[in-house]
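# only geometry, no sequence info:
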């Protein structure tokens, strides 16, 4: 993890589909420079009264699934905290909360990565200026990445059924 300072600012991403609050079952696929995440989208029927819950698993078909691919993913973390321990996240006091997607501007993590890279003989600090720190806060996990951008699409099926599509997105080459 990283430590934040007074510069970090958290903004919720309005263009990102909201993950299921109960079981988003996020699946992450990555290589050295690319990252794709799939997760179930929150779908609330108009007549739902909140008194029941529907269980969904990775093989359940016919569900709305978000597929997000990140353009040149420089670094990522996937794991804790979950929603019950979220107050321990260094950005929780800045507006980061469970069940959302966010961007961190003036990111301490990006600035730390730039300083770490400064020993490289061809280091260019300006290469880090366009990078974006994106955070997804799921039910049981948190995904954070530093990337150059992202795109999102919605598919229908199960988490298991979108794996071939995820592989195709991973092979996508950004310009």
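Yep, it's here. Predicted, not measured: the structure shown is a model, and the values here were computed from it.

# A helix includes residue 152, no?
No - read with DSSP: H, G, I helix; E, B strand; the rest coil, residue 152 is strand and lies in no helix.

# Which of the three states applies to the closest residue to it other than its chain neighbours?
With CB to CB, 6 or more residues apart in numbering as the criterion, residue 152 has its nearest non-adjacent residue at 4.8 Å, and that residue is residue 68. In short, each C-beta sits where N, CA and C put it, glycine included. For residue 68, the assignment made with three-state DSSP gives strand.

# Contacts only, for residue 68.
16, 36-38, 136, 150-152 (CB atoms under 8 Å, 6 or more residues apart in numbering).

# and residue 113, what helix or strand is that in?
helix 108-117 (DSSP states H and E).

# Any buried residues in that helix, and which?
Within helix 108-117, the residues scored as buried using 16 or more other CB atoms under 10 Å are 108-111, 113-114.

# Look at the residue nearest the centre of the chain and give its secondary structure.
The geometric centre of the chain, computed from its C-alpha atoms, lies nearest to residue 136 (CA atoms, centre = their mean), at 3.6 Å. In three-state terms, and counting by three-state DSSP, residue 136 is strand.

# Drop anything exposed from the contacts of residue 68.
16, 36-38, 136, 150.

# Tell me who's in contact with the residue nearest to the centre of the chain.
Applying CB under 8 Å, 6+ apart, the residues contacting residue 136 are 16, 19, 26, 37, 39, 68, 100-102, 142-144.

# coming back round to it: which helices and strands sit right next to the helix holding residue 113?
Judged by 3 or more CB pairs under 8 Å, 6 or more residues apart in numbering; DSSP states H and E, helix 108-117 is in contact with strand 142-147.
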